[in-house]
Structures are given as C-alpha cells and as structure tokens.
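**Q** turn this into a structure:
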Amino acid sequence: MTEWKDGIAKITLPTPFAVGDVNVYLIRGERLTLVDTGAKTEESWNSLIEQMAELDLSPKDIEQVVLTHHHPDHAGMLDFFPDSLEVYGHPLNERWIHPNEAFFQEQEHFFIEHFKEFGLPEEYFAILPKLRKTMKYMCNRPLTGHLFEGMRPLGLHDWKVLETPGHAQSQIALFREKDGVLIGGDLILAHISPNPLLEPPAPGEKERPKPQLQHNDSMKKLLHYPIHCVYTGHGDEVYQLAELIEKRLTRQHERAMTVKTWLEEEELTVFQICQRLFPSVYQRELMLTISETVAQLDYLASIGEIISRDGQPVVYQAKPRD
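**A** Model (predicted):
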C-alpha cells in the first residue's frame, strides 16, 4: 500500500533492466514533486497510475519533476508526461535526456579510443554503434531548469541539493535538514554497490571523469551531514549510513588490492584484468564490467600503488617497492 510518511510517498516501479525495480518519490512541498520517473515502459506507467490512485492522486497532479540522475530507469518515463511539466536536474543530464546526433557520435568516438587503450580485441568494437539503441527506454526532452550544489529547488524550500557524482556525472541528492532525510538516487544502496560508470568528458572538458574516485568522495561527503534516513533509488531505506559507507569503502579497497596482487606478478591491460575480475559475465555486460575494472585502476593509481606504460594498449603494473 502506497502511503505518505513525513510528506514523502515511495513508489516502486518495474524496469526492464537487470537491476530490477526502481524507487521514485512523491514529495508534498509547495509543489507536488516527483523525484525520478522510472523507465519508459507502459508497465511502469500503469504501475505509477495505480500507486498514485492509492493516494487519491493521478500523474496529472504532479507539478514538477526533479531528476537525481539521467539513467533510463530514473528519467526515461518523462516522455509519458506532458511537455508543459517542468523538469529540474543537474545540467549534465541534458546531453543524455535530450540527445542529438553529435552526442551519439561523441560517445561512440570516446569508447572507440578507450577500447583501444584498454586492449579490447577488435570484435568487441561492434557493440559501439549499438549504444544508441540502448536509449530506447530513455526520454527525449530538455530540462526546464538546472540544479546545483546548495540550491533549494522551486517549491521544495525544506530541501537542499547536494552534488554527488560518481555513479553518474549528473547525480544529485536532496537533503531535508529538519529531520535528516536524504533522497539519494543511486549514491548509496542497501544491498549492492552502484556501478561507477564511464562517461565521456563533460562539455568543455578533455580528461575523462574518474567515477570511482568521485563516488568515494560523494559517499564521504554524506558523513558531514546529520542524515537519519536515506531513501534509495533501488531497494530498502538506509538507516545506519556511516557503517554502510565504511563497508562500501573497505570492500572497494579490498577488490582493488586484489588487482594490485595480480599486477605484482605481471603487466596487464584493462581488458585482461576485466576478464579476471568478471570471468563469467564480462562478455555479456561489457560496459559495466569495463567501467568497474577501470574504477579499480583509477583508485590504485590515486593511492600510488600502480604505474602504467602508455601505448595502445596501456599496460599496468604494481609500483616497484623502494
């Protein structure tokens, strides 16, 4: 049964993705606000209608949408809403939720160059022209306005925006100071660690982002706020936040140090490490597993544990002991 709790109603919607259901949230502010939308499927839309009816509401009552980030399971169903509905989020949502041909080409070029650097065999390049097809569950519409660190969204004067990049460059969270509630998107999940997904550089930037380092920093950032409860993008709420962050950081460090032990014995490429980390799924989930592999190498480089030798492909080894 969908119900209000402290002015927030949690609505869980089905998705066509391996991650399973996604949580979206209604907030009773000065404006009735929907935080995230779900994926662009009829099943999800019908589920939203049914659950809103339990609150004596319908999608027509929603006055604005705030996006935590641009991924299709969080933003795709925007296309089911009227064009007049106002939509707010970080500006880095824009290129994903309202893409053009130039962006598709930029994305493909980014991955071609990095696949070469990572040492992927030629046959894996065939997936790159298909990247745009994965957008079929995504919307195609612009933001009405942009949200940045410290802003209070229109109609949500109790809530403050925290920029929390890592899982997505566009990711934000909403923090309500009066009772320590955070709506966190996919920054922190109770049951799994979010993927630190590779993305092309932001407009005007040349260096690729390092999402694992950003994600770790974003989790640590939460420790500076008196957060009592995190409403998450998937699964259950999180109440013991500090303990979970410590667990996530420790687990990630341990995985990276496993990679380091391999690099003490021989030089390896990103692709070779990916095959070792994910032997049963790397072919089926190439983009996810490559992102996760690069994440561990970025982390090891940041703490001075490895060195790399440029080339195509780049090879990595553990930093020699003094």
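**Q** helix or strand next in line after the least confident helix or strand in the chain by mean pLDDT, which one?
**A** Sorted by mean pLDDT, DSSP states H and E, the helices and strands of the chain end with helix 101-118, the least confident at a mean of 93. Following helix 101-118 in sequence order, the next helix or strand is strand 145-146 (DSSP states H and E).
**Q** tabulate the CA atom coordinates of the very next helix or strand once past that next one in PDB.
**A** Using DSSP H and E, the next helix or strand after strand 145-146 towards the C-terminus is strand 159-163. Output of strand 159-163 as PDB, limited to C-alpha atoms (Å, rounded to 0.1, in the frame of the first residue of the first chain):
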ATOM      1  CA  TRP A 159      15.200  20.600   0.700                       C
ATOM      2  CA  LYS A 160      18.800  21.300  -0.300                       C
ATOM      3  CA  VAL A 161      20.700  20.000  -3.400                       C
ATOM      4  CA  LEU A 162      23.900  18.000  -2.800                       C
ATOM      5  CA  GLU A 163      26.000  17.300  -5.900                       C
END
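**Q** for the helix or strand that comes right after strand 159-163, the averaged confidence score.
**A** Going down the chain from strand 159-163, the next helix or strand is strand 172-176, by DSSP H and E. Strand 172-176 shows a mean pLDDT of 98.
**Q** in strand 172-176, which of the residues would be classed as buried?
**A** 172-176 (16 or more other Cβ atoms under 10 Å). C-beta: built from backbone N, CA, C; applies to glycine.
**Q** stretch 247-265 too?
**A** 248, 252, 256, 259-260, 262-263.
**Q** and for that stretch, what are the contacting residues?
**A** Around stretch 247-265, the neighbours that count as contacts under Cβ atoms under 8 Å, 6 or more residues apart in numbering are 188, 193, 212, 216, 219-220, 268, 273, 276-277, 295-297, 299-300, 305-306, 316-318.
**Q** how many other residues sit next to the residue nearest to residue 95 when sequence neighbours are not counted?
**A** Counting by Cβ to Cβ, 6 or more residues apart in numbering, the nearest residue to residue 95 once its immediate chain neighbours are dropped is residue 103, at 4.9 Å. Residues lying near residue 103 (other Cβ atoms under 10 Å) number 16.
**Q** what helices or strands is the helix or strand containing residue 276 leaning on?
**A** Secondary structure assignment for residue 276, by DSSP H and E: helix 270-277. With contacts taken as 3 or more Cβ pairs under 8 Å, 6 or more residues apart in numbering; DSSP states H and E, helix 270-277 sits against helix 101-118, helix 241-265, helix 286-302.
**Q** buried residues in stretch 181-201, which are they?
**A** So, applying 16+ other Cβ under 10 Å, buried residues of stretch 181-201: 181-189, 193-200.
**Q** check contacts around residue 36.
**A** With Cβ under 8 Å, 6+ apart, residue 36 has these contacts: 22-25, 65-68, 74-75, 185, 233.
**Q** give the contact list for residue 10.
**A** Taking Cβ under 8 Å, 6+ apart as the test, what residue 10 contacts is 2, 23, 25, 231.
**Q** again, 10 Å this time
**A** Residue 10 is in contact with 2-4, 23-26, 51, 183, 231-232, 237, counting by Cβ atoms under 10 Å, 6 or more residues apart in numbering.
**Q** related to what we said a few turns ago, go ahead and build a PyMOL selection from the buried members of the contacts of stretch 247-265.
**A** A single PyMOL command selects the buried members of the contacts of stretch 247-265 (16+ other Cβ under 10 Å):
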select buried, resi 188+193+212+216+219+268+273+277+295+296+297+299+300+305+306+316+317+318
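**Q** quick revisit: any idea of the mean pLDDT for the helix holding residue 276?
**A** 98.
**Q** same check on stretch 23-41?
**A** pLDDT averaged over stretch 23-41 gives 97.
**Q** got any ranges where this structure has weak pLDDT?
**A** 322 (pLDDT under 70).
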